[in-house]
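Participant: fold the following, please.
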Amino acid sequence: MKPLPLVGLAAFLLLMGTVGPRAAGCDPVGNIRFVCDQSGPEDLVVVPGSDWVLSSGMTTSGAIHLVNAKDRTSTILFPSASAKERLDKKTYNTCPGPIDPAEKDKFRAHGLYLRPGRGSVHTVYLVHHGNRESIEVFEFDGHAKPPVLTWVGCAVAPDPIGLNSVVGLPDGGFITTNFSPRNQDAAGRGRMMQGENNGELWEWHTDSGWQKVPGSESAGPNGLEISKDGKTLYIGGWGSQSVIRLSRGQTPVKRDSVQVGFRVDNVRWGPDNMLLAAGQGGTAPSQTSNVAKVDPNTLKAQEVVRQPYGDALTAGTVAIQIGKDIWVGSVRGDRIAIFPAK
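Facilitator: Predicted coordinates:
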């Protein structure tokens, strides 16, 4: 999420909540447990075939964290001394080079996506904010002890695209959301929050570069998922408070949606082939972090988490399921909240 004019920022903070109050230490609050030592874990991805989870970081000195799902310990995976660089010049032929280490506190790790590879080696896509607005691409090596990220390339977004979420494609390309164009004024953001289209999806490939995805115009297109066959996209409609299903590679484009009653941030596949949509509901002072399970075939939605802002969680943004638990990340605060799955 991008810098806003003061009026727009004030309205946005009222909705998202200020930096949430913290539970004492990392102690449970009722039946809610935590993974602490995070930096605004806006997005979460499960590393397949392992006990690892990756979390992003949207606060000052944001970072990609590596979380052990068993003991809930966390370490910084990037930027770190263990991270490596190996530019794939063939695929990312317009990338100017690695992330500028001088970014320091400006570095923000926003949306994450992991595309499974062979064995324990996968491709990780990161929505990056800092000295450039870009999709950064990494190789995740789970064979290493501990795992290592190797930066392999990037694609810098053209103005005024304001990136939010991303899904990877087999050729190294990706699809990403333009949630809120950079330098959008407060009035434009207010219209988006009322359901007016202000953004869209973009697809990038080595040969064709950045291309707008047909039929993807939406009010605050935020989170993004893709079907296994690559023929369907699922969009978190933040402004429209809906999950949108959009065909890919089909003419005419087929599009439908379901209202979920809260501002959908990220969308993630669950282990039961259902979608988990997470976001923010209500208005101050009765705001909530929400998670709904959405059937990708029928688009029927069922609420699984509704948590008032407070010690346990403020401004929930993403949900993943690990075993019998629902992990919920937040754009604010220092922890991931763990709820019993219903």
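
Participant: where along the stretch 201-342 of the chain do the strands fall?
Facilitator: Using DSSP state E, counting those that start in this stretch, the strands of the stretch 201-342 of the chain run over 209-212, 221-226, 232-237, 242-247, 255-259, 263-269, 275-281, 288-294, 301-308, 316-322, 325-330, 336-340.

Participant: now do the SS call for the residue nearest to Thr94 when sequence neighbours are not counted.
Facilitator: Distance criterion Cβ to Cβ, 6 or more residues apart in numbering; nearest residue to Thr94, sequence neighbours excluded, is Ala155 at 6.8 Å. C-beta here means a position set from N, CA and C on the backbone, and glycine is covered the same way. State at Ala155, reduced to three classes by DSSP: H, G, I helix; E, B strand; the rest coil: strand.

Participant: give me the below-cutoff pLDDT ranges for the chain.
Facilitator: Filtered on pLDDT under 70, the chain yields the residue ranges 1-24.

Participant: middle-most residue in it, spatially?
Facilitator: Geometric centre of the chain, nearest residue: Gly111, 3.3 Å, by Cα atoms, centre = their mean.

Participant: would you confirm that that one contacts Gly168?
Facilitator: No. Using Cβ atoms under 8 Å, Gly111 is not in contact with Gly168; the gap is 11.2 Å.

Participant: joint contacts of the two?
Facilitator: Tyr125 (Cβ atoms under 8 Å, 6 or more residues apart in numbering).

Participant: can you put the strands of the stretch 201-342 of the chain in JSON lines and add mean neighbour count?
Facilitator: Listed next are these as JSON lines, based on neighbours: other Cβ atoms under 10 Å:
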{"stretch": "strand 209-212", "mean neighbour count": "14"}
{"stretch": "strand 221-226", "mean neighbour count": "26"}
{"stretch": "strand 232-237", "mean neighbour count": "25"}
{"stretch": "strand 242-247", "mean neighbour count": "22"}
{"stretch": "strand 255-259", "mean neighbour count": "15"}
{"stretch": "strand 263-269", "mean neighbour count": "27"}
{"stretch": "strand 275-281", "mean neighbour count": "26"}
{"stretch": "strand 288-294", "mean neighbour count": "25"}
{"stretch": "strand 301-308", "mean neighbour count": "17"}
{"stretch": "strand 316-322", "mean neighbour count": "26"}
{"stretch": "strand 325-330", "mean neighbour count": "25"}
{"stretch": "strand 336-340", "mean neighbour count": "22"}
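
Participant: what about Arg118, how many residues nearby?
Facilitator: 6 (other Cβ atoms under 10 Å).

Participant: how much space between it and Asp141?
Facilitator: 11 Å (Cβ to Cβ, to the nearest Å).

Participant: export the strands of the stretch 201-342 of the chain to a markdown table and tack on distance to Gly195?
Facilitator: Converted to a markdown table, those look like this (distance: least, Cβ to Cβ, whole Å):
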| stretch | distance to Gly195 |
| --- | --- |
| strand 209-212 | 20 |
| strand 221-226 | 12 |
| strand 232-237 | 9 |
| strand 242-247 | 9 |
| strand 255-259 | 11 |
| strand 263-269 | 11 |
| strand 275-281 | 15 |
| strand 288-294 | 18 |
| strand 301-308 | 18 |
| strand 316-322 | 20 |
| strand 325-330 | 24 |
| strand 336-340 | 29 |
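
Participant: so what's the spatially closest residue to Phe339 that is not a sequence neighbour bridging to?
Facilitator: Nearest residue to Phe339 in three dimensions, chain neighbours excluded: Ile326, at 4.6 Å (Cβ to Cβ, 6+ apart). Beta bridges link Ile326 to Gln321, Phe339, judged by DSSP bridges.

Participant: my understanding was that Ile326 contacts Gly316; is that so?
Facilitator: No. Between Ile326 and Gly316 there is no contact under Cβ under 8 Å: 10.2 Å.

Participant: so what sits against both of these two?
Facilitator: In contact with both Ile326 and Gly316: Val291, Val305, using Cβ under 8 Å, 6+ apart.

Participant: Pro271 and Val46, how far apart?
Facilitator: 9 Å.

Participant: swap in Pro340?
Facilitator: Counting by Cβ to Cβ, the gap from Pro340 to Val46 is 18 Å.

Participant: Gly190 now?
Facilitator: In this structure, Gly190 and Val46 are 36 Å apart, going by Cβ to Cβ.

Participant: which one of the two is surrounded by more residues?
Facilitator: Taking other Cβ under 10 Å, Gly190 and Val46 do not tie; Val46 has more neighbours (20 against 14).

Participant: residues contacting Ile244?
Facilitator: Ile244 is in contact with Ser218, Pro221, Tyr234, Ile235, Gly236, Gly237, Arg255, Asp256, Ser257, counting by Cβ under 8 Å, 6+ apart.
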